[in-house]
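Peer 1: Can you look at this prediction? I've put the sequence above it.
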Amino acid sequence: MTVSGGAVPRVVRLLADPVRWRLACELARGDYRVRELVAATGHPQNLVSYHLRQLRDGGLVTARRSSFDARDTYYSLNLEGCAGALARAAGSLHPGLAPPPGLAALTDLGIQPGPGPRVLFLCTGNSTRSPMAEALLRHRAGRRVLTMSAGIRPKPVHQAAVAVLRDRYRIDLSGHRPTPVETVARQRFDYVISLCDRAREACPEFGGHPERVHWSLPDPAAGEDGLAGLPAFERTAADLDTRIRFLLPALESIKTA
C-alpha cells in the first residue's frame, strides 16, 4: 500500500479556510448572488468576492450572469468538480478513502416505496427546464419521491426537450402538460426548486415552510450562454441530472428524519 506524503491537495487548502468553507456550505444549498452570500456569512463584500474568486480559480465554484438582471451574477458549487477533487484528496491520504461521494441512487439509500419527500420544480414557462427536472428526478427516484413542476407563465413543452430526454435518457416527456404555479401553490412540498432567475423573483409563498432552493440555469430555448439548438438542451439536461443526483441524499434525510 502506498500512502502519499506529498503536497497538501489544493482542494484541502482551499476549503480549509473558514470563509471559503462557509461560502462552499452556502452554495451547497443552491445558487446565490454576492449580496446574498454577504448577508448569509456576515463578511464584507470585498472579502466574499476575493474568496469566491479563489474558489472559482480552483474549479470548485462557477458563475453566470443572471437572465433576470444581467448586472447580477449567480454563483454555483461545481458539484462534480468538488466530488472528484475531494475523492482524489482522500485517495492521496489513503487508497481506501477514494470512493466518490454523493452519487448514490435513492434505491441505495434505504428509502422504501410509499409517501416520501415532495419536490416542486419551477421555471417561467414549464416548457423546458422544470419538466425536464421533474422527469429526471422521477426517473431516478421512481415512486419514492413525489415530484411535480409548474410555471409562472406556462406554455407548451419544447420539442427539443422531448427529443433530448427521449434520445439521451430514454424518458418520454411528450405527454407533459404545462401547469400554472397557482394550481399547486396550496400543496405541501419539502423542496421548491426554482430553475430560472425570473421564476425565482416571481415565486409565490408556499405553506409548510418548504426548503427554497435556486438553481440558476440558462434557458436553452433562448440560446443563453452561447449555445443553441440541441446542444443547449443536452447541456441543460446534463446539468439537471448532475444536480438531481446530488439532491438524492438530501431527500433521503427527509425520509429518515
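Peer 2: All right, it came through fine.
Peer 1: ok, now how distant is His94 from Asp57?
Peer 2: 28 Å (Cβ to Cβ, to the nearest Å). For glycine as for every other residue, the C-beta is placed from the backbone atoms N, C-alpha and C.
Peer 1: What helix or strand is the residue nearest to Gly6 when sequence neighbours are not counted located in?
Peer 2: In this structure, Gly6 finds its nearest non-sequential neighbour in Ser92, 7.3 Å apart by Cβ to Cβ, 6 or more residues apart in numbering. Taking DSSP states H and E as the definition, one finds Ser92 inside helix 79-93.
Peer 1: Direction included, what does the helix or strand just after that helix pair up with?
Peer 2: Later in the chain than helix 79-93, the nearest helix or strand by DSSP H and E is strand 118-123. Sheet pairing of strand 118-123 (DSSP bridges) gives strand 146-151 (parallel), strand 191-194 (parallel).
Peer 1: could you give the mean pLDDT of strand 118-123?
Peer 2: The average pLDDT for strand 118-123 rounds to 96.
Peer 1: repeat for stretch 189-199
Peer 2: 95.
Peer 1: Low-confidence bits of the chain, can you list those?
Peer 2: 1-5, 98-115, 224-227, 255-257 (pLDDT under 70).
Peer 1: For it, which segments count as helices?
Peer 2: Using DSSP state H, the helices found in the chain span residues 10-16, 18-27, 34-41, 45-57, 79-93, 129-141, 159-169, 197-202, 230-256.
Peer 1: Now distance to Arg186 and mean neighbour count too, for these, in JSON lines please.
Peer 2: Converted to JSON lines, those look like this (distance: least, Cβ to Cβ, whole Å; neighbours: other Cβ atoms under 10 Å):
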{"stretch": "helix 10-16", "distance to Arg186": "41", "mean neighbour count": "16"}
{"stretch": "helix 18-27", "distance to Arg186": "30", "mean neighbour count": "18"}
{"stretch": "helix 34-41", "distance to Arg186": "28", "mean neighbour count": "16"}
{"stretch": "helix 45-57", "distance to Arg186": "37", "mean neighbour count": "16"}
{"stretch": "helix 79-93", "distance to Arg186": "32", "mean neighbour count": "18"}
{"stretch": "helix 129-141", "distance to Arg186": "18", "mean neighbour count": "25"}
{"stretch": "helix 159-169", "distance to Arg186": "27", "mean neighbour count": "17"}
{"stretch": "helix 197-202", "distance to Arg186": "17", "mean neighbour count": "20"}
{"stretch": "helix 230-256", "distance to Arg186": "20", "mean neighbour count": "19"}
